[in-house]
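Visitor: quick one: sequence and predicted model below, then my questions.
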Amino acid sequence: MSVEDQIMDSFLEDDQLMVQDGGQKVNLWQSSAKAAKDTYYQGLFSIGDLALEPLQKSIPSLQTKHNMSLGLHYLSGSGEDVSLSDNQELIDAYIDKFHQTHGNDKWTKSTNPEFHGEEGWEYLQYRADKVVNATTPKTFRGKGQGGSAGRVNPLYAELYDKLGSTSTMRRRNIGDGSYEYMIVEPWDLKKGKDVAPATWAKNQRRIPTALANIGQFLAPDFIQTAPVSERLKKKYNQQNITGTNIELTDYAYDWLKNKAKPFNISGSSIVDANLSDEEAWRKRSEYYHKFYTP
């Protein structure tokens, strides 16, 4: 049941107040319920991860949790940056590993007015998943598991779920061969390599996973189910599509258009080229033991 329906059910039919507005009757209780629904969802989305705490046992995976967390921040409309990690040492380790593998690549001068090439800024697009994997392992093998995959490493999941397979890094030389690095990763459900325009058309089978999960667990007014279309049945020859589609509601489309805002995944670090080879080795060894050990 939607939030608005729950509010309306709390009123007795005789209590509902009808007034004239421009020649039309308006149900003030219903208008109030719609306003209360907006307020409820704005508050829900704004508390972010706190909204997920009661659902810990229901959320099926770390990836789902991370996607829902980012989706809630997007729907809140704050537009504020989200840090790649609350652990600065993990960010340092990631950027240090990036510098080792991409420091000598061919970079492009930045045209961003806030980080312009005239001030020394340049950028590079790269395979973030490979750097994440070099920073901390995807899984930890448990005792007696031999070569099996083992349990998911939460540090790997945190980095990968925020950066995805490809990302962009910004940097500038700050003297003596040392660099200031900045992670540049926009998060927007309406744009990006992994979000096709068809995703946003009604009556499509796919909607962004983050929205589907938020609708399922927290926001019933944002999704609805509908029978599988004849077009999809023909496309897949009736195979494995005997259920229903999940679609975004008009209320969800309106929220995404007028309230949701994209934001950036951020993080920065200084790579000090003045460290001796021994000091650099010791620093990387410390990172290795910290982020490669369960």
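Guide: Arrived safely, thanks for sending. Residues are numbered from 1 along each chain as shown.

Visitor: hang on, Asp105 in a strand?
Guide: No - secondary structure assignment (DSSP: H, G, I helix; E, B strand; the rest coil) places Asp105 in coil, not in a strand.

Visitor: now the residue lying closest to it once chain neighbours are set aside, what's its secondary structure?
Guide: Of all residues not flanking Asp105 in the chain, Leu124 sits nearest, at 5.8 Å (CB to CB, 6 or more residues apart in numbering). For the C-beta atoms, the positions are set from N, CA and C on the backbone; glycine is no exception. In three-state terms, and counting by three-state DSSP, Leu124 is strand.

Visitor: tell me if I'm right that Leu124 and Thr166 touch.
Guide: No - with contacts defined as CB atoms under 8 Å, Leu124 does not count as touching Thr166, sitting 11.1 Å away.

Visitor: picking up where we left off before, so how many other residues sit close to the residue nearest to Asp105?
Guide: With neighbours defined by other CB atoms under 10 Å, the count for Leu124 comes to 17.

Visitor: residue contacts, it?
Guide: Counting by CB atoms under 8 Å, 6 or more residues apart in numbering, Leu124 makes contact with His102, Asp105, Lys106, Trp107, Thr108, Thr168, Met169, Arg171.

Visitor: switch to 10 Å and redo it
Guide: By CB atoms under 10 Å, 6 or more residues apart in numbering, Leu124 lies in contact with 98, 102-103, 105-108, 167-171, 184.

Visitor: and the gap between Ser85 and Lys162?
Guide: Distance of Ser85 to Lys162, given as CB to CB, to the nearest Å: 8 Å.

Visitor: okay, and the common contacts of these two?
Guide: Common neighbours of Ser85 and Lys162 (criterion: CB under 10 Å, 6+ apart): Ile265, Gly267.

Visitor: who's more crowded, the two?
Guide: Neighbours per residue, other CB under 10 Å: of Ser85 and Lys162, the larger number sits with Lys162, 24 against 18.

Visitor: can you tell me the element that one falls in?
Guide: helix 154-163 (DSSP states H and E).

Visitor: strands paired with the helix or strand just after that helix, and their directions?
Guide: Using DSSP H and E, the helix or strand that follows helix 154-163 in sequence is strand 166-175. Each strand that pairs with strand 166-175, with its direction, by DSSP bridges: strand 122-127 (antiparallel), strand 178-187 (antiparallel).

Visitor: buried set for strand 166-175?
Guide: Counting neighbours by 16 or more other CB atoms under 10 Å, one finds that the buried residues in strand 166-175 are Ser167, Met169, Arg170, Arg171.
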